[in-house]
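A.B. asks: Attaching a predicted model along with its sequence, questions to come.
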Amino acid sequence: MSLVTALLYASPAEAARLLFWRFEAAQNRLTFTTDQGVQPRAQLIANPTRLVIDLPGISLGRPSERQRIGGAVAEVRSGQFNATTARLVVELAPGYTYDPQGIQFRGMTSTQWSVQLPQPQRLGAASSTAGALPSLDLSENPSEGQSQTQAQTASPTPQDSDFQITRNGFFVRLGNNARGQVAVRRSRNGQQVQIDLNGIMLPDQLVDQGFEVNRYGVGQVQFSQIRPSPPLARITMDVSVDSPDWQASLARSGGLAIVPAEGAAVLEQDAPSSSTAQNILTTVQSVELGLGNQILIRGDRALRGTGQWDSRTGVYQVTIPNARLAPNFPNPQLSANSPVSQIRLRQQGDTVVVLIQPASGIQVGRLSQLNDRLLSLQLNQGPTSALPPALDRPINIPVPPPERIAPPT
C-alpha cells in the first residue's frame with residue numbers, strides 16, 4: 001500500500017512539464033505550453049537586459065535549449081532554475097531594453113500562455129548621456145583624483161568576476177566544494193565547444209550570463225545551470241573554426257581551468273608574458289570610423305580587447321589591456337550624420353579604455369578581431385525611439401491569472 005501511495009503522489013510531479021515553447025521574432029511574441037496548469041512569475045533584469053519567466057511546479061524534462069534571434073533580441077533560452085521551477089529567458093542585445101509596461105502576458109488556459117513583447121528600445125541613462133561621458137584623458141599615469149573618477153565610471157569586466165581570462169586560457173571560480181565530472185565536446189561544424197559539469201552548481205552571478213571574449217579564437221562564453229538536482233551546469237563557448245580544441249579540469253583551488261588540448265603553447269602569440277607586457281605595451285595608434293559603419297581600433301603590434309555595455313552611463317566600453325595611447329593621440333573626427341555621437345578614450349594604468357556613444361537608432365554589434373593589430377566594432381541601423389532609463393534593480397512584471405483553467409488530462 002505504501003508503494004502505491006508513493007507512486008500516486010509522484011505521478012503528478014513527474015507529469016508537470018514544459019511541453020513546448022516558441023519565439024516568433026516577426027510578432028515579438030513568446031508562446032509556451034505546459035501539461036499542467038501554471039501561474040508564471042516574471043522579472044525584467046539588467047546587465048544584459050533580459051525577461052526572466054519562472055514556471056513554478058514545472059520541470060523542463062530535457063536539456064536546455066537556445067534559439068539565437070539576432071538584432072535587438074540576442075536569444076531566447078529555456079532551462080531548469082531549480083528542482084521545481086523551469087525558466088524561460090528572453091535576452092536582448094547589449095544596449096537595448098524593454099518598456100516594462102509594454103510586456104503583456106495572456107493565459108488562454110492555465111496551460112497555454114503567450115507573452116506579447118514591445119519593440120526593444122535603445123538603452124540610455126536616466127539623464128542625458130552626452131554629459132555623462134568622461135572627458136578625453138591622454139595621460140599615461142593619471143593622478144589620484146583621476147583614478148577615483150575612472151573607478152566610478154568603469155564597469156566590471158570579465159577579469160573582475162568569477163570568469164577570468166588568463167595567459168593560458170580561462171578560469172572559472174566554482175567554490176571550494178566543487179566536486180564532479182567534466183565532459184568536453186565540440187560541435188560538428190567546429191564553431192561551438194560545450195563543457196558539461198556534472199554534480200556542480202554554478203555561482204549565482206554566473207547563471208544565465210554571457211561574456212564577450214574575442215581572444216584565443218573564442219567569441220563568447222555562456223553559462224547556464226541545466227538542472228539543480230542532480231546538479232548539471234554547462235559552459236558554451238562560441239569559437240572560430242581555427243580555434244584549438246579545448247580541455248577542462250577541476251582545480252584544487254575550487255575552480256575550473258579551461259585550456260587548449262595541445263597545451264598553452266598555442267596561445268603564446270595571443271598572450272604575451274608578464275615581463276613582455278610590462279616592458280612593451282601595444283600603442284593604440286588610431287580609433288576611426290571605417291567603411292560599412294564600423295569603428296576600427298588599430299595598434300602598432302598585437303592587441304586584444306573585450307567589449308561590454310555600461311548601462312549606468314549608456315555607453316559601450318572597449319577595454320584593451322597591455323596598451324597605451326600614442327603621443328598626441330588624434331581626437332576621433334565625427335560628422336553631423338555619424339552613427340556615433342561621441343568617442344572618448346582614457347589611459348587606466350596599462351589599459352586603454354574606449355568609450356563609445358552610438359547615435360539614436362544605432363545598434364552596437366559584436367567586437368571582432370580582424371587581424372592581430374586591428375579590432376572592429378560593427379554598428380547597425382536599429383529602431384529609433386526615446387531613450388528609456390537604465391534598470392537599476394529587477395522589475396516585477398505582473399502576470400494576470402489565466403482566462404480559464406485547463407481541464408485535467
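C.D. replies: Looks like it arrived, so ask away. Residues are numbered from 1 along each chain as shown.

A.B. asks: can you give me how far the helix or strand containing Leu355 is from the chain middle?
C.D. replies: Leu355 is part of strand 351-358 when elements are defined by DSSP states H and E. Centroid displacement of strand 351-358 relative to its chain, using CA atoms, centre = their mean, to the nearest Å, is 18 Å.

A.B. asks: Would you mind pulling up the elements that the helix or strand following that strand packs against?
C.D. replies: Using DSSP H and E, the helix or strand that directly follows strand 351-358 along the chain is strand 362-371. Using 3 or more CB pairs under 8 Å, 6 or more residues apart in numbering; DSSP states H and E, the elements in contact with strand 362-371 are strand 210-215, strand 306-310, strand 374-381. (Glycine included, C-beta is placed from N, CA and C.)

A.B. asks: hey, which helix or strand in the protein has the poorest pLDDT?
C.D. replies: In the chain, the helix or strand scored least confidently by mean pLDDT, DSSP states H and E is helix 144-153, which has a mean of 30.

A.B. asks: next structured bit after that helix?
C.D. replies: In N-to-C order, the element after helix 144-153 by DSSP H and E is strand 163-165.

A.B. asks: one step back: so what strands line up beside the strand holding Leu355?
C.D. replies: Strand 351-358 has its sheet partners listed here by DSSP bridges as strand 315-321 (antiparallel), strand 340-348 (antiparallel).

A.B. asks: Check what contacts the helix or strand following the first one and list those residues.
C.D. replies: Beyond strand 315-321 in the direction of the C-terminus, DSSP H and E gives the next helix or strand as strand 323-325. Residues outside strand 323-325 that contact it (CB atoms under 8 Å, 6 or more residues apart in numbering): 138, 140, 281-284, 299, 303, 345, 347, 350-352.

A.B. asks: what's the answer for stretch 51-60, then?
C.D. replies: Contacts to stretch 51-60, defined as CB under 8 Å, 6+ apart, come from residues 13-14, 16-18, 30, 32, 34, 36, 38-45, 78-81, 84-90, 98, 103, 115, 117, 208, 227, 397.

A.B. asks: Sort out for me which of the residues you listed are in strands.
C.D. replies: The strands, defined by DSSP state E, take in 18, 30, 32, 34, 41-45, 78-81, 85-90, 115, 227, 397 from those.

A.B. asks: ok, now which ones touch Pro231?
C.D. replies: Residues in contact with Pro231 (CB under 8 Å, 6+ apart) are 180, 197-201, 225.

A.B. asks: from those, which is closest to Ala25?
C.D. replies: Top of the list for closeness to Ala25, among those and by CB to CB, is Gln225 at 25.9 Å.

A.B. asks: Spatially nearest residue to Leu117, not counting backbone neighbours?
C.D. replies: Leaving aside its sequence neighbours, Leu117 sits nearest to Asn28 (CB to CB, 6 or more residues apart in numbering; 4.5 Å).

A.B. asks: ditto for Asp300
C.D. replies: Per CB to CB, 6+ apart, closest to Asp300 is Thr283, 4.6 Å.

A.B. asks: I'd assumed Tyr96 was in contact with Gln121.
C.D. replies: Yes: Gln121 is in contact with Tyr96 according to CB atoms under 8 Å; the separation is 6.6 Å.

A.B. asks: neighbour-wise, which of these two wins?
C.D. replies: More crowded of Gln121 and Tyr96, by other CB atoms under 10 Å: Tyr96, with 25 against 22.

A.B. asks: For that one, give its distance to Ser229.
C.D. replies: Look at Tyr96 and Ser229: by CB to CB, to the nearest Å, they are 34 Å apart.

A.B. asks: just Gln119 next, same as before
C.D. replies: Using CB to CB, Gln119 is found at 39 Å from Ser229.

A.B. asks: try Leu55
C.D. replies: Between Leu55 and Ser229 the distance is 17 Å, computed by CB to CB.

A.B. asks: Kindly report the same for Ser187.
C.D. replies: To Ser229, Ser187 is 28 Å away according to CB to CB.

A.B. asks: what's the answer for Arg41, then?
C.D. replies: From Arg41 across to Ser229, the span is 20 Å (CB to CB).

A.B. asks: neighbour count winner among the two?
C.D. replies: Taking other CB under 10 Å, Arg41 and Ser229 do not tie; Arg41 has more neighbours (15 against 10).

A.B. asks: which residues touch the more buried one?
C.D. replies: Listed by CB under 8 Å, 6+ apart, the contact partners of Arg41 are 53-54, 56, 396, 399.

A.B. asks: Please apply the same query to Gln192.
C.D. replies: Gln192 neighbours (CB under 8 Å, 6+ apart): 186, 236-239.
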